[in-house]
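Engineer: my questions are about this predicted structure, shown below with the sequence.
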Amino acid sequence: MTQTAAALRVPESLPEAVQDSRRGSLADIGERGGRLGVEIADMAGLVGDLTRLGREQSEQANAAIDAARQMSVTNAELASKMDEASNSAAATRATLSEATASVSGALARALEGIGTLGEGAIGLKGSIGEIAGTIKLVQDTSEAIQQIARETQMLAINANVEAARAGDAGKGFAIIADSMKSLADKIRSFTGQNQKNLEELARTLRNLLEKSDGNAEIAQKAIADSTSAREAAGTLQTLVASAQHLTEDIESMAQSVESNSNCYEVVHKELTGLADTVESCDANLARAQKRVDSILGISEDFILFIAESGIETPDTPIVQLAQDTARQIGMVFEQAVAAGEIGMNDLFDEKYRPVPNTNPQQHMTKFVTFTDRVLTPIQEPILGMNPRITFCAGIDRNGFLPTHNKKYSHPQGPDSVWNSANCRNRRIFNDRTGLSAGRSTRSFLLQTYRRDMGGGQFVLMKDVSAPVYVRGRHWGGFRIGFKV
């Protein structure tokens with residue numbers, strides 16, 4: 001006991017009424033110190049929450065800055081591509097306009113020629129038809145002449161016969177008859193040859209007429225196609241107009257992209273400023289966390305000082321229970337080592353082997369089976385000794401809790417939040433409270449903290465721990481968690 005703590009004891013030489021008054025004042029100090037520790041622990045938890053929140057906000061702000069930066073780069077690339085597209089569209093529009101004008105002119109001339117050729121082909125067919133009709137008339141006339149020539153020849157033959165009968169009187173008539181026969185022969189010869197020529201001409205005209213029929217059909221089809229060609233020319237004009245609209249749309253989009261890029265630059269600057277502010281707040285919160293932790297440590301020292309001074313507080317019975325149980329556990333461990341139930345090396349095993357498929361992660365060591373057997377009979381009865389007690393468990397120097405109370409030692413299931421609250425055995429609690437409880441060598445350590453029950457749920461708790469020694473070697477501590 002320190003001299004300061006001894007000085008707080010009430011001298012027995014004082015009158016009883018003064019002693020009672022002084023004891024009441026000291027008890028009030030103890031109670032106030034306990035409440036102060038609770039408030040400081042709650043404030044420390046809130047500062048810790050704000051620190052984590054600030055860290056998350058800082059990470060989110062930096063992520064937003066990176067996203068904004070990437071979007072700015074993307075927008076710049078898009079703007080470049082839009083400029084290229086706009087220039088390409090403008091060039092395409094100019095090329096289409098020139099090509100359309102050239103094609104339209106050539107097409108118009110071609111259509112005019114096609115129309116003229118078509119009309120000529122159709123007219124030629126009509127002219128050939130008329131020539132064929134004339135040839136038919138000539139053939140008919142030639143046939144009539146041949147008939148006359150045949151009749152004249154017959155008449156000349158008859159005249160020669162009659163002239164021969166008349167004798168000398170018919171000689172002159174015979175000469176005329178011979179001349180008529182000779183003329184008829186020549187006419188017949190000429191008309192026969194002419195008939196052959198007319199037939200050949202008619203055959204040629206028939207072939208020409210057949211070809212002219214095909215040409216006329218082609219001409220008519222060409223004329224019909226020329227209508228489609230005119231429509232195609234119109235389509236080209238429409239295409240040029242569409243290219244014009246496309247160019248205008250691309251230019252409008254390029255302006256929007258440029259405006260968007262400017263906006264993202266502003267957003268990037270604002271986000272950068274926000275990130276700087278968040279980082280500044282985070283730094284301030286970190287400093288506040290350190291100061292609160294320091295104040296919390298002072299508060300714990302103050303509570304220890306009050307307890308060592310002999311001042312009774314509402315927590316004193318639980319503190320004494322923790323100290324007594326820690327000594328009991330140390331004795332049980334020493335007896336087991338002496339009996340050969342477990343070796344010192346196994347009892348101090350710090351090779352934590354992860355249990356597969358557990359969430360939160362559980363671990364095994366060489367002493368877990370041993371502590372499950374010997375600690376359970378010690379720990380379970382303590383839960384019913386004081387209504388404020390919530391849990392009690394032995395932990396090693398690294399915050400590893402091998403054997404918990406049965407109600408916190410259920411098999412894990414698929415819900416990690418449920419596991420966090422109900423499967424707390426074989427886990428490492430290396431937070432500030434857990435490590436301090438496991439490594440403290442003071443006669444006891446009384447801490448106030450917020451117990452994480454999983455799923456963002458916290459419960460404000462007090463934690464008293466006392467060191468456990470095995471053959472003079474610090475194994476860890478015994479913790480009792482109780483309501484404030």
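Structural biologist: Received the coordinates, thanks. Note that the structure is a prediction, hence the values are computed from the model and not measured.
Engineer: quick check: phi and psi on residue 352?
Structural biologist: The phi/psi pair for residue 352 (degrees, to the nearest 10) reads phi -80, psi 120.
Engineer: what are the bridge partners for the nearest residue to it once chain neighbours are set aside, then?
Structural biologist: Of all residues not flanking residue 352 in the chain, residue 363 sits nearest, at 4.0 Å (Cβ to Cβ, 6 or more residues apart in numbering). Every C-beta, even on glycine, is put in place using the N, C-alpha and C of the backbone. Note on residue 363: beta-bridge partners residue 354, judged by DSSP bridges.
Engineer: biggest strand in the chain, by residue count?
Structural biologist: strand 457-470 (DSSP state E).
Engineer: okay, now the residue nearest to residue 352: neighbour count?
Structural biologist: Per other Cβ atoms under 10 Å, the neighbour tally for residue 363 reads 17.
Engineer: test my guess that it contacts residue 355.
Structural biologist: Yes: counting by Cβ atoms under 8 Å, residue 363 touches residue 355, with 6.3 Å between them.
Engineer: any common contacting residues for the two?
Structural biologist: Common contacts of residue 363 and residue 355 (Cβ atoms under 8 Å, 6 or more residues apart in numbering): residue 426.
Engineer: ok, and what's touching the very next helix or strand once past the longest strand of the chain?
Structural biologist: Going down the chain from strand 457-470, the next helix or strand is strand 473-483, by DSSP states H and E. Residues from elsewhere that reach strand 473-483 (Cβ under 8 Å, 6+ apart): 315, 318, 321-322, 325-326, 329-330, 333, 344, 347-348, 382, 386, 388-397, 437-441, 445, 451, 461-469.
Engineer: which of these count as buried?
Structural biologist: Buried by 16 or more other Cβ atoms under 10 Å: 315, 318, 321-322, 325-326, 329-330, 333, 347-348, 382, 388-397, 437-440, 445, 451, 461-469, out of the contacts of strand 473-483.
Engineer: next, find the distance separating the residue nearest to residue 352 from residue 337.
Structural biologist: For residue 363, the distance to residue 337 (Cβ to Cβ, to the nearest Å) stands at 22 Å.
Engineer: how's the chain carved up into domains?
Structural biologist: 74-270, 314-484 (automatic domain parsing).
Engineer: how long is stretch 367-383 end to end?
Structural biologist: Counting by Cα to Cα, to the nearest Å, you get 23 Å between the two ends of stretch 367-383.
Engineer: and that stretch, average pLDDT?
Structural biologist: For stretch 367-383, mean pLDDT rounds to 97.
Engineer: quick one: buried residues of that stretch?
Structural biologist: Those would be 367, 368, 370, 371, 374, 375, 378, 379, 382, 383, for stretch 367-383 by 16+ other Cβ under 10 Å.
Engineer: would you list those residues in CSV and tack on secondary structure?
Structural biologist: Formatted as CSV, those follow (DSSP: H, G, I helix; E, B strand; the rest coil):
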residue, secondary structure
367, coil
368, helix
370, helix
371, helix
374, helix
375, coil
378, helix
379, helix
382, helix
383, coil
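Engineer: ok, the residues you listed vs residue 247, which is closest?
Structural biologist: Here the nearest of the buried residues of stretch 367-383 to residue 247, counting by Cβ to Cβ, is residue 368; it sits at 76.9 Å.
Engineer: can you count the residues close to the closest residue in space to the closest one that isn't next to it in sequence?
Structural biologist: Excluding the flanking residues, the one nearest residue 368 by Cβ to Cβ, 6+ apart is residue 402, at 4.6 Å. Residue 402 has 23 neighbouring residues, counting by other Cβ under 10 Å.
Engineer: distance check, residue 402 against residue 442.
Structural biologist: Counting by Cβ to Cβ - residue 402 and residue 442 are separated by 23 Å.
Engineer: again with residue 87
Structural biologist: 80 Å.
Engineer: repeat for residue 202
Structural biologist: From residue 202 to residue 442 the distance is 139 Å (Cβ to Cβ).
Engineer: one more: residue 74?
Structural biologist: 60 Å.
Engineer: between the two, which one's more packed in?
Structural biologist: Between residue 74 and residue 442, residue 442 has the larger neighbour count (other Cβ under 10 Å), namely 15 against 12.
Engineer: okay, and the more buried one sits in which element?
Structural biologist: Residue 442 belongs to no helix or strand when assigned by DSSP H and E.
Engineer: surely it and residue 467 touch.
Structural biologist: Yes: under the criterion of Cβ under 8 Å, residue 442 makes contact with residue 467 at 7.4 Å.
Engineer: what about the strands in the stretch 251-400 of the chain?
Structural biologist: In the stretch 251-400 of the chain, the segments counted as strands under DSSP state E, counting those that start in this stretch are 353-354, 363-364, 389-396, 400-401.
Engineer: which among the ones you listed is found nearest to residue 67?
Structural biologist: Set against residue 67 and scored by Cβ to Cβ, the strands of the stretch 251-400 of the chain come closest in strand 353-354, at 35.6 Å.
Engineer: quick one: residues in contact with that closest one.
Structural biologist: Applying Cβ under 8 Å, 6+ apart, the contact partners of strand 353-354 are 361, 362, 363, 364, 365.
Engineer: also stretch 342-351?
Structural biologist: Applying Cβ under 8 Å, 6+ apart, the contact partners of stretch 342-351 are 333, 336-337, 365-367, 370, 396, 398, 400, 470-471, 473, 475.
Engineer: mind putting these in a markdown table, distance to residue 83 included?
Structural biologist: Shown next, in a markdown table, are the contacts of stretch 342-351 (distance: Cβ to Cβ, whole Å):
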| residue | distance to residue 83 |
| --- | --- |
| 333 | 79 |
| 336 | 82 |
| 337 | 82 |
| 365 | 67 |
| 366 | 71 |
| 367 | 72 |
| 370 | 76 |
| 396 | 68 |
| 398 | 63 |
| 400 | 64 |
| 470 | 79 |
| 471 | 82 |
| 473 | 77 |
| 475 | 74 |
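Engineer: hmm, back to that, check contacts around the residue nearest to residue 368.
Structural biologist: Residue 402 neighbours (Cβ under 8 Å, 6+ apart): 365, 367, 368, 371, 372, 375, 394, 395, 396, 425, 426.
Engineer: element containing residue 413, please.
Structural biologist: Residue 413 belongs to no helix or strand, assigned by DSSP H and E.
Engineer: and if you look at residue 207?
Structural biologist: Using DSSP H and E, the element containing residue 207 is helix 171-308.
Engineer: again with residue 162
Structural biologist: Take DSSP H and E as the rule and residue 162 turns out to sit in helix 16-166.
Engineer: and the average pLDDT for that helix is what?
Structural biologist: Per-residue pLDDT over helix 16-166 has a mean of 66.
Engineer: any idea how far residue 378 is from residue 151?
Structural biologist: 161 Å.
Engineer: and residue 150, how many residues sit next to it?
Structural biologist: The burial count for residue 150: 14, using other Cβ under 10 Å.
Engineer: next one: residue 341
Structural biologist: 14.
Engineer: now the one 10 residues further on
Structural biologist: Residue 351 is flanked by 8 other residues according to other Cβ under 10 Å.
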